[in-house]
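In: Pasting the sequence and the predicted coordinates here, then a few questions.
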Amino acid sequence: MSAAVTPLAYDVARVRADFPILGTTVRGKRLAFLDTAASAQRPLAVIEAVDRYERSSHANVHRGVYELSQNATDAFEGARERVRRFLNASSIKEIVFTRGTTESINLVAQAWGRRLGPGDEILITWMEHHANIVPWQMLCERTGAVLKVAPIDQRGELDLEAFRALLSPRTKLAAFTQVSNALGTVLPIRAMIDAARAVGALTLLDGAQAVAHERVDVRALGCDFYVFSSHKLYGPTGLGVLWAREAVLREMPPWQGGGDMILTVSFAKTTYNDLPYRFEAGTPHISGAVGLAAAIDYLEALGIERVHAHEQGLLARATHALRAIAGLRIIGEAKEKAGVVSFTLEGVHPHDLGTILDDEGVAVRTGHHCAMPVMEFFDVPATARASFGCYTDDADLEQLVYALGRAREVFG
Amino acid sequence: MDLKDLYRDVILDHNKQPRNFGRLDPCDTSADGNNPLCGDRLTLTLRLEGDRVTAIRFEGKGCAISTASASLMTEAVKGKDEAAITRLRDLVHQTLTAHGETTLPPAELGKLAALAGVRDYPARVKCASLCWHTLGAALEHHAQRHADHGPATVSTE
């Protein structure tokens, strides 16, 4: 008899049992949750960590000398350290808690962006989420800087040569996504970071769609800013992270004023707190941070690499199954993709598709995915998007395929 | 709640073969409707005698509910004056938003009653009501222009 020397197979049934919501029904049907790219569900470990904190440890942080406040501070700062380890950042000074990816980007645009002036350029790509477009447009409007956009091709891949050609000494920042939320494309971030650094530009990586699916090491990447949201990482909503290299963060003026971000306040002169607190005005989302730390523990216990392999298997099987459906067009066929399949079904508007799928218990996102330029590029008003997480299983895919058949029946 | 109640034959038929599709040129008034969330877009063009609609066409892209609703609307309002249209619009609105109700929609709605299934799908109400908002804007545009004796610009959203 051979011993179990091979690593344990990924047991998705066991993973699913950790997520209470997956046991619920929708319109009397089994829930096939295929919208993880919009927001991931929470495992019991996260729900219970938040619950425990709320029941036994809550008080405001960085304030009281009493034990409860110290407990809350320890929990909150412990979460910061957990995030630091997760990203392999040098110091907790580099970990700023925000409300989410969107706020992290706005923070950079407003605080770091203050140094920009006419003639400076910011380079983004055509497949950015609106959160990585609009803050830069607003910054350009304020400062006279110019926003440049690197094009994509019909497969939904970045035109890397065009990206390189758009870089120049005028480029002060290249801000781009690691994984496209609308197409699933994995961008060639290493080449992009290297190219941007070669002209002296800083780089901001939008990791919202990547961080739960592959290991991130900010020091190895060599970027200057890395941003993500807790709720796409199986943690609570309302919390995000801005990581920035300490030297860059130190040069940035504060953006929001208030409590916690100061050392002393007088009407003559106010002095600001040290990093990272200088960028965290007001009472933070303490329970959210506790939940995020638990989510990171959970994901790392599962093994990000194993989750990634599981999702890649789902992606391959889903792509194969969907391609077999007459009239179905997959939008975004990059060679390297995350667990996201965007598609249209001929003769059925994505919105109608969303309703029919919902009727079969299948939750997918339909719409423009906050990436209107991508929709415009592919000349579609919207797409349906199925996206996968650690708990997605083949039954979810089968339910999706069945529901697409129902849509065909309804629309003939 | 049943899909068949939402996607009734009348709806599917008007989606596949929209009535009064296209653009009136010249026209007396027009308006664009836009549902940015789902990418639905439509343009209405109308001819009027006084405040009575003598001809109406719509053009655009949208889901089955928004296309069928616009198609049914153009049939329903042709020949009606503004007061009758407003009354009809209110009735449609009441029917669309009567979430959870099972009573029959008012007979006055005629073929528009086919949209009653939308009431069980609150996320889809805006699809069905887009054309009516746009019609309201077109008529208001017309009334304003008559009051001001000059061109007016109208944006619906």
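Out: Nice, thanks for sending it over.
In: what sits against the residue of chain B found nearest chain A?
Out: Nearest to chain A in chain B, going by C-beta to the nearest C-beta, is B:G39, at a distance of 3.1 Å. Quick note: C-beta positions are derived from backbone N, CA and C, even for glycine. By C-beta atoms under 8 Å, 6 or more residues apart in numbering or on different chains, B:G39 lies in contact with A:367-368, A:375, A:381-382, B:61-62.
In: Wait, A:V340 touches A:S387, no?
Out: Yes. Counting by C-beta atoms under 8 Å, A:V340 touches A:S387, with 4.6 Å between them.
In: Next, show the common contact partners of the two.
Out: Joint contacts of A:V340 and A:S387 (C-beta under 8 Å, 6+ apart) are A:37, A:184.
In: picking that back up, ok, how many other residues are close to the spatially closest residue to the residue of chain B closest to chain A that is not a sequence neighbour?
Out: Distances taken as C-beta to C-beta, 6 or more residues apart in numbering or on different chains put A:P381 closest to B:G39, at 3.1 Å, once the chain neighbours are dropped. Residues lying near A:P381 (other C-beta atoms under 10 Å in any protein chain shown) number 21.
In: ditto for the one 10 residues further on
Out: A count of nearby residues for A:Y391, using other C-beta under 10 Å, gives 25.
In: try the one 3 residues further on
Out: The local packing of A:D394 (other C-beta under 10 Å) involves 13 other residues.
In: give me phi/psi at it?
Out: Backbone torsions for A:D394, taken as degrees, to the nearest 10, come to phi -70, psi -30.
In: Which helix or which strand is home to A:L173?
Out: strand A:171-177 (DSSP states H and E).
In: Need the CA coordinates for that strand. PDB is fine.
Out: Listed next in PDB are the C-alpha coordinates belonging to strand A:171-177 (Å, rounded to 0.1, in the frame of the first residue of the first chain):
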ATOM      1  CA  THR A 171       5.500  60.200 -17.700                       C
ATOM      2  CA  LYS A 172       5.300  60.700 -13.900                       C
ATOM      3  CA  LEU A 173       3.100  57.700 -13.200                       C
ATOM      4  CA  ALA A 174       2.000  54.500 -14.900                       C
ATOM      5  CA  ALA A 175      -1.100  53.200 -13.200                       C
ATOM      6  CA  PHE A 176      -2.500  49.900 -14.400                       C
ATOM      7  CA  THR A 177      -4.400  46.900 -13.300                       C
END
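In: Packing partners of that strand?
Out: Strand A:171-177 sits against strand A:121-125, helix A:189-198, strand A:202-206, with contacts defined as 3 or more C-beta pairs under 8 Å, 6 or more residues apart in numbering or on different chains; DSSP states H and E.
In: The lengthiest helix in chain B: which residues count as buried?
Out: Using DSSP state H, we find that the single longest helix of chain B is helix B:125-148. Within helix B:125-148, the residues that count as buried by 16 or more other C-beta atoms under 10 Å in any protein chain shown are B:125-142.
In: How about stretch A:10-20?
Out: Within stretch A:10-20, the residues that qualify as buried are A:12, A:15-16, A:18-19, counting by 16+ other C-beta under 10 Å.
In: From start to finish, how long is it in a straight line?
Out: Distance across stretch A:10-20, first residue to last, is 19 Å (C-alpha to C-alpha, to the nearest Å).
In: List the contacts of the residue positioned nearest the centre of chain A.
Out: Centroid-nearest residue in chain A, with C-alpha atoms, centre = their mean: A:A208, separated by 1.2 Å. The contact partners of A:A208, by C-beta under 8 Å, 6+ apart, come to A:101, A:129, A:131, A:177, A:181, A:227-229, A:232.
In: Export the helices and strands packed on strand A:171-177 as JSON lines, with columns for mean pLDDT, distance to A:E141 and mean neighbour count.
Out: JSON lines is the format used below for the helices and strands packed on strand A:171-177 (pLDDT from 0 to 100; distance: least, C-beta to C-beta, whole Å; neighbours: other C-beta atoms under 10 Å in any protein chain shown):
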{"stretch": "strand A:121-125", "mean pLDDT": "98", "distance to A:E141": "12", "mean neighbour count": "25"}
{"stretch": "helix A:189-198", "mean pLDDT": "98", "distance to A:E141": "23", "mean neighbour count": "17"}
{"stretch": "strand A:202-206", "mean pLDDT": "98", "distance to A:E141": "19", "mean neighbour count": "25"}
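In: ok, and does stretch A:22-37 reach over to chain B?
Out: Yes. Stretch A:22-37 reaches chain B (C-beta under 8 Å from any C-beta of the partner chain) through A:R27.
In: buried stuff in that stretch?
Out: Under the neighbour-count criterion of 16+ other C-beta under 10 Å, stretch A:22-37 has A:22, A:31-37 buried.
In: Next, the contact list for the closest residue in space to A:R30 that isn't next to it in sequence, please.
Out: Nearest residue to A:R30 in three dimensions, chain neighbours excluded: A:G361, at 5.3 Å (C-beta to C-beta, 6+ apart). When contacts are counted by C-beta under 8 Å, 6+ apart, A:G361 touches A:25-32, A:399, A:403.
In: what residue ranges in chain B score low on pLDDT?
Out: Residues of chain B meeting the criterion pLDDT under 70: B:1, B:148-157.
In: Where do the helices of it begin and end?
Out: Counting by DSSP H, the helices of chain B are B:3-6, B:9-16, B:64-77, B:82-96, B:125-148.
In: Which residue does the stretch 1-150 of chain A have closest to chain B?
Out: A:R27 (7.2 Å).
In: which bits of chain B sit near chain A?
Out: B:1, B:3-4, B:6-7, B:12, B:37-41, B:61-65, B:121, B:123-124, B:127.
In: So B:A31 versus A:I133, what's the distance?
Out: 29 Å (C-beta to C-beta, to the nearest Å).
In: In strands only, show me the contacts of B:G39.
Out: A:367, B:61 (DSSP state E).
In: re the thing from before, and the longest helix of chain B, how far from the chain's centre?
Out: Taking C-alpha atoms, centre = their mean, to the nearest Å, one finds helix B:125-148 lying 9 Å from the centre of the chain it belongs to.
In: got it, and stretch A:374-388?
Out: Stretch A:374-388 sits 18 Å away from the centroid of its parent chain (C-alpha atoms, centre = their mean).
In: Return the mean pLDDT over the host helix or strand of A:V96, rounded to an integer.
Out: When elements are assigned from DSSP H and E, A:V96 belongs to strand A:95-98. Averaging pLDDT along strand A:95-98 yields 98.
In: other SSEs contacting the next helix-or-strand element following it?
Out: Using DSSP H and E, the helix or strand that follows strand A:95-98 in sequence is helix A:101-111. Helix A:101-111 is packed against strand A:95-98, helix A:134-143, strand A:202-206, strand A:225-229, strand A:240-244, with contacts defined by 3+ C-beta pairs under 8 Å, 6+ apart.
In: again, 7 Å this time
Out: helix A:134-143, strand A:225-229, strand A:240-244 (3 or more C-beta pairs under 7 Å, 6 or more residues apart in numbering or on different chains; DSSP states H and E).
In: Mean neighbour count, distance to A:L166 and mean pLDDT for the ones you listed - can I get that in TSV?
Out: Shown next, in TSV, are the helices and strands packed on helix A:101-111 (neighbours: other C-beta atoms under 10 Å in any protein chain shown; distance: least, C-beta to C-beta, whole Å; pLDDT from 0 to 100):
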stretch	mean neighbour count	distance to A:L166	mean pLDDT
helix A:134-143	17	14	98
strand A:225-229	28	19	98
strand A:240-244	28	23	98
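In: Including distance to chain B, could those go into a markdown table?
Out: Formatted as a markdown table, the helices and strands packed on helix A:101-111 follow (distance: least, C-beta to the nearest C-beta, whole Å):
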| stretch | distance to chain B |
| --- | --- |
| helix A:134-143 | 14 |
| strand A:225-229 | 21 |
| strand A:240-244 | 23 |
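In: what about the residue nearest to the centre of chain A, distance to A:A38?
Out: Distance of A:A208 to A:A38, computed by C-beta to C-beta: 10 Å.
In: Show me whatever sits in contact with both of these two.
Out: Common contact partners of A:A208 and A:A38 (C-beta atoms under 7 Å, 6 or more residues apart in numbering or on different chains): none.
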